[in-house]
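In: Quick one, structure for this:
(one chain, ligands or ions: 1)
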Amino acid sequence: MNNLEKYLTLLNGEVDGLLLTSRYSRFYGAQYDIAEGVAIVTKAGCRYFTDSRYIEAAQKGIQGFQVLETNRENPYNDLLNRAIADFGVTTLGYEEGYLSVAEFLDYEKNLNAKLVSLHSKIAGFRAVKEPWELDRMRKAQEITDQAFAEVLPRIKAGMTEKQVQAELIYCLYKNGGENLSFDPIVVSGPNTSLPHGVAGDRVLQEGDFITLDFGVLWGGYCSDMTRTVALGYATDEMKKVYETVLAAQQAGISATKAGVLGRDIDAAARAVITEAGYGAYFGHGYGHSLGLEVHENPNCNPKGDVPMKVNMVCSAEPGIYLPGKFGVRIEDVVIFTADGCEDITKSPKNLIIL
Ligand SMILES: [Mn+2]
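Out: The predicted model follows:
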């Protein structure tokens, strides 16, 4: 079943059309990325609307939809209402998770169909990846691993976090990244206790931990990885915390296979950190799904009550963060298989001392 056919399975009585407004669902349904547009999916036909900036690319690249141009004479709502009339639509499932209140109110007032919130079902198809999607994620991760290898020799005492961030971004693009999955996190020394700290003007010095959390898009799909490295030397406490995080990640990965609940994978990793006495310093969840977005559902965190399925993708990223001292996070991305998982992050995980 292609992605558009998956969407069509939602048209079974509750709604007879889908209003695709987010870039993600339009990308997913059309298997082609257009920055701005709106699409409508019905059993009687599918139409994709975009403006003059994108129309040529859209008409060449989009499959399964009739592609029409919006302009001053043909605003989106008119085009949508024409499709609603042509295809006999009475109820439209929409993505409440991606619309602003203003956008929703505009659709609600102007479209000639009843709107039904359907975000989780529309987005839900993305959780289990097709083989071609997994290939793109492996490629995105390969670029990310290569960038990590290339940025390490560039990191020197005396540089600022921002300068390291700039080098990292350069390496990500140079190796084929099409975009950044998110602003890379580069934190050093005591800033490494901030799980999502922002790169700043702090100057790197010997004895620092440096945490790098970064990823790229390739073919529209995200990678995401984190490594913590030491500069010059690491104290015994730093080594102990590092080895604890690594053991926790390995415990999580060992517990990872289809059929397991996300919370049980989180618990396997968390137990290692708790046993070492650092349970209070691992605040976030063990992992999140990713794909077109860097954070997707389902999660492998203490609330994760969904049995994970073959070809779901999840990050494996335990951490320990000691306020005012330092923190460590190690993150890989794994693909669920029937009897385990494939770790697509290939960078080394032993403590690297630069
Ligand atoms: Mn992550």
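In: now the residue of the stretch 1-150 of the chain found nearest the ion, what's its secondary structure?
Out: At 11.6 Å from the ion, Thr144 is the closest residue in the stretch 1-150 of the chain, using Cβ to the ion. Heads up, the C-betas are built off the backbone N, CA and C, glycines and all. Put simply, Thr144 is helix when judged by DSSP: H, G, I helix; E, B strand; the rest coil.
In: I'd like to know how far it sits from Asp332.
Out: Between Thr144 and Asp332 the distance is 11 Å, computed by Cβ to Cβ, to the nearest Å.
In: that older thread, determine the number of other residues adjacent to the residue of the stretch 1-150 of the chain closest to the ion.
Out: 28 (other Cβ atoms under 10 Å).
In: one step back: could you name every residue contacting both of Thr144 and Asp332?
Out: Here Thr144 and Asp332 have Met225, Thr345 as joint contacts, going by Cβ atoms under 8 Å, 6 or more residues apart in numbering.
In: Please, which helix or strand holds Met135?
Out: If you look again at residue 135, you'll see it is Asp, not Met. helix 131-151 (DSSP states H and E).
In: picking up where we left off before, what residues are up against the nearest residue to the residue of the stretch 1-150 of the chain closest to the ion once chain neighbours are set aside?
Out: Spatial nearest neighbour of Thr144, excluding adjacent residues (Cβ to Cβ, 6 or more residues apart in numbering): Ser223 at 4.3 Å. Contact partners of Ser223, counting by Cβ under 8 Å, 6+ apart, are Met137, Ala140, Gln141, Ile143, Thr144, Ser181, Gly215, Val216, Leu217, Val333.
In: if you set the cut-off to 7 Å instead, what comes out?
Out: Listed by Cβ atoms under 7 Å, 6 or more residues apart in numbering, the contact set of Ser223 reads Met137, Ala140, Gln141, Ile143, Thr144, Ser181, Gly215, Val216, Val333.
In: Turn those into a markdown table, including distance to Ser117 and pLDDT.
Out: Formatted as a markdown table, the contacts of Ser223 follow (distance: Cβ to Cβ, whole Å; pLDDT from 0 to 100):
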| residue | distance to Ser117 | pLDDT |
| --- | --- | --- |
| Met137 | 29 | 98 |
| Ala140 | 31 | 98 |
| Gln141 | 34 | 98 |
| Ile143 | 36 | 98 |
| Thr144 | 35 | 98 |
| Ser181 | 27 | 98 |
| Gly215 | 30 | 98 |
| Val216 | 32 | 98 |
| Val333 | 30 | 98 |
